[in-house]
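Visitor: for reference, the sequence and a predicted model appear below.
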Amino acid sequence: MGKKLEEIQKRHSLIKSIITSQEVFNQTQLGKLLRSKGIKVTQATLSRDLNELGVVRVPTPNGLVYQINQEGGESTLKSYIAEEVLSIDFNECVIVVKTFLGRAQGVAIQIDKENLPGLLGTVAGDDTILVIPKSIKNIKKVVEELKTLLGIEK
């Protein structure tokens, strides 16, 4: 796993831990809490992290606080991933998924997590994912499964 991806996963885990253990009212407060744990993060990155994690602000007697959106987490993630994918192309042997720069690894993780029966695995660069099917006989079916998984219109 790449160092950058490990950093993202560590940061996401810490954000979830902080949000579930105490009231967090805004990104400034969350940023300070992360810095106190040794994680430096920009506002733009923090905003993207909150979006990726499906974090929402909910009213409490003390004001609006961050919470992990239990209902929409998976659908929020799927719609977010769909926005990252530019195209899915294939030939007789492999499938190539093109993403925005720097987003291929996150999309590849989501593909791998699903353990689709027709896939051997993925190899991700910065903006391209090579998806390797188990058999070239079912490549069109695998492409359709990928489109469904990634929330891409067919």
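Guide: Noted; the coordinates are in hand.

Visitor: in the protein, where is pLDDT below threshold?
Guide: Screening the chain residue by residue with the criterion pLDDT under 70, one finds the ranges 1-3, 70-80, 153-154.

Visitor: which residues in it form strands?
Guide: Applying DSSP state E to the chain gives strands spanning 55-60, 63-68, 85-90, 95-99, 119-124, 128-133.

Visitor: and of the ones you listed, who's closest to residue 27?
Guide: With distances scored as CB to CB, the stretch of the strands of the chain nearest to residue 27 is strand 63-68 (8.8 Å). No exception for glycine: its C-beta is placed from N, CA and C like everyone else's.

Visitor: count the residues that sit near residue 87.
Guide: 9 (other CB atoms under 10 Å).

Visitor: check the gap between it and residue 98 for me.
Guide: Going from residue 87 to residue 98 by CB to CB, to the nearest Å gives 5 Å.

Visitor: list the contacts of the residue nearest to residue 142 when sequence neighbours are not counted.
Guide: In space, and not counting its chain neighbours, residue 142 is closest to residue 118: 4.2 Å by CB to CB, 6 or more residues apart in numbering. Under the criterion of CB atoms under 8 Å, 6 or more residues apart in numbering, the contact list for residue 118 reads 133-135, 138, 141-142, 145.
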